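K.L.:
Any chance you can model this:
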Amino acid sequence: MQLGRAVHIGPQAELLARRSEQITVGDGTFILKGALLHPYGGWISVGRHVGINPYCVLYGHGGLEIGDNVLIATSCVLIPANHKFDSLEIPINAQGLTTRGIRIEDNVWLGARVTVLDGVTIGTGAVIGAGAVVTRNIPPFSIAVGVPARVIGQRSGFSTSEGRSHGLKLSVNSAG
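P.N.:
Now for the predicted structure:
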């Protein structure tokens with residue numbers, strides 16, 4: 001396990017890595033009360049200045065990469081694995097797993113109780129609304145909501161005639 005400078009780990013947070021597993025946490029990151037980080041045979045890499053709020057569950061079966069300046073709200077679940085269930089003769093818990101990994105790029109905000117499933121990349125600057133279940137890739141600077149999550153808009157900067165940026169404007173798709 002590698003922890004950067006000024007990392008805060010709250011009470012009852014659990015970072016559990018066996019000898020062959022890896023957890024790395026970047027400088028200035030906080031992991032709050034009751035959050036679980038378990039590699040389960042894989043690895044978890046958390047960038048700098050990341051906020052992992054209470055009661056999040058982050059697994060690393062197929063690899064979990066979280067970029068810098070990411071906000072992960074309370075009770076989010078990130079699971080980079082799926083159980084196989086093809087055979088009717090073999091119990092599901094004996095059929096093994098598929099693992100492709102999850103990648104959360106820089107400056108992403110996952111709202112409360114977001115679930116991110118195996119094989120997903122969430123692009124830089126994306127915002128995922130509370131309660132969404134992310135089953136496929138989300139492009140950079142997108143706003144996605146729902147079950148399953150779908151893109152409803154884009155975050156986009158705007159400039160004045162002098163070329164100075166004045167924050168963000170929201171472009172929302174009208175198709176429902």
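K.L.:
Phe141 is in contact with Trp109, isn't it?
P.N.:
No. Phe141 is not in contact with Trp109 according to CB atoms under 8 Å; the separation is 11.6 Å. Glycine gets a C-beta too; all of them are placed from N, C-alpha and C.
K.L.:
okay, and the common contacts of the two?
P.N.:
Common neighbours of Phe141 and Trp109, using CB atoms under 8 Å, 6 or more residues apart in numbering, are Ala126.
K.L.:
what element comes up after the one helix or strand Ile44 maps to heading to the C-terminus?
P.N.:
For Ile44, the host element (DSSP states H and E) is strand 43-46. Counting by DSSP H and E, the next helix or strand C-terminal to strand 43-46 is strand 51-52.
K.L.:
that older thread, quick one: contacts of the strand holding Ile44?
P.N.:
Residues contacting strand 43-46 (CB under 8 Å, 6+ apart): 17, 21-26, 29, 31, 37, 52, 58-60, 63-66.
K.L.:
Given that strand, what are its sheet partners and their directions?
P.N.:
As defined by DSSP bridges, the strand partners of strand 43-46 come to strand 22-25 (parallel), strand 64-66 (parallel).
K.L.:
Adjacent strands (with direction) for the helix or strand Ala144 falls within?
P.N.:
In this structure, Ala144 sits in strand 142-145 according to DSSP H and E. Counting by DSSP bridges, the strands paired with strand 142-145 are strand 127-128 (parallel), strand 150-159 (antiparallel).
K.L.:
what about that strand, distance to the chain center?
P.N.:
How far strand 142-145 lies from its chain's middle: 14 Å, per CA atoms, centre = their mean, to the nearest Å.
K.L.:
for the record, mean pLDDT for it?
P.N.:
Taken as a whole, strand 142-145 carries a mean pLDDT of 98.
K.L.:
per-residue confidence at Arg18?
P.N.:
Confidence at Arg18, expressed as pLDDT, is 88.
K.L.:
what pLDDT, on average, does stretch 23-37 get?
P.N.:
Rounded mean pLDDT across stretch 23-37 is 98.
K.L.:
where in this structure is pLDDT low?
P.N.:
In the predicted model of the chain, residues 157-176 satisfy pLDDT under 70.
K.L.:
Grab the most central residue of it for me.
P.N.:
In the chain, the centroid-proximal residue (CA atoms, centre = their mean) is Ile104; its distance is 5.1 Å.
K.L.:
returning to what we had before: tell me which of the strands paired with strand 142-145 is the most buried.
P.N.:
strand 127-128 (a mean of 24; mean count of other CB atoms under 10 Å).
K.L.:
Sounds good, over and out.
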